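> let me see the structure of the following:
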Amino acid sequence: MRPTAVILKLAFEEARKSPVTRSKMSALALDYNCQNVLAKAHNTRFFGQPGRWTIHAEERVLNKYRGHIPVLLICRVKQLGWGISKPCAKCASLLSRSRVGSIIYYNGSKWVYERVVK
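You can find the predicted model right below:
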């Protein structure tokens, strides 16, 4: 299952809002058909302080949307397009304990669809 061009554009625009220069990420909670956005978020710094830890996009979207998330799209934007966006170990653990059914992320060459293991 691949998100539509419209959904990818929304994800790209959301990631570009991130104040984190090293890694601009976004996460979009989608319905089963990957057609409608339930919630979206980008990564940001704690208290807006540069050089500090960040709140990951996955964490922020889970805080925004408390219901069941059928599909979570995770994106990283680089200067020349999409970057590898597989969730880190902390976010993977968080997703396995949450109400997320599947994730979609970019592995460097294609979009990958995976079910979240509970």
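
> what are the buried residues along the longest helix seen in the chain?
When the chain is parsed with DSSP state H, its longest helix is helix 5-16. Under the neighbour-count criterion of 16 or more other Cβ atoms under 10 Å, helix 5-16 has 7, 8, 10, 11, 14, 15 buried. Quick note: C-beta positions are derived from backbone N, CA and C, even for glycine.

> now these in TSV, with pLDDT?
Below are the buried residues of helix 5-16 laid out as TSV (pLDDT from 0 to 100):
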residue	pLDDT
7	96
8	96
10	97
11	97
14	97
15	97
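
> out of these, which comes closest to residue 68?
Of all the buried residues of helix 5-16, residue 7 has the smallest distance to residue 68: 18.5 Å, by Cβ to Cβ.

> with adjacent residues omitted, what lies nearest to that closest one?
Spatial nearest neighbour of residue 7, chain neighbours left out: residue 34 (6.2 Å); criterion: Cβ to Cβ, 6 or more residues apart in numbering.

> what distance do you get for the one you found to residue 108?
Shown here: residue 34 relative to residue 108, a distance of 21 Å by Cβ to Cβ, to the nearest Å.

> with neighbour numbers in mind, choose between these two.
With neighbours defined as other Cβ atoms under 10 Å, residue 34 and residue 108 compare such that residue 34 has more, 20 against 10.
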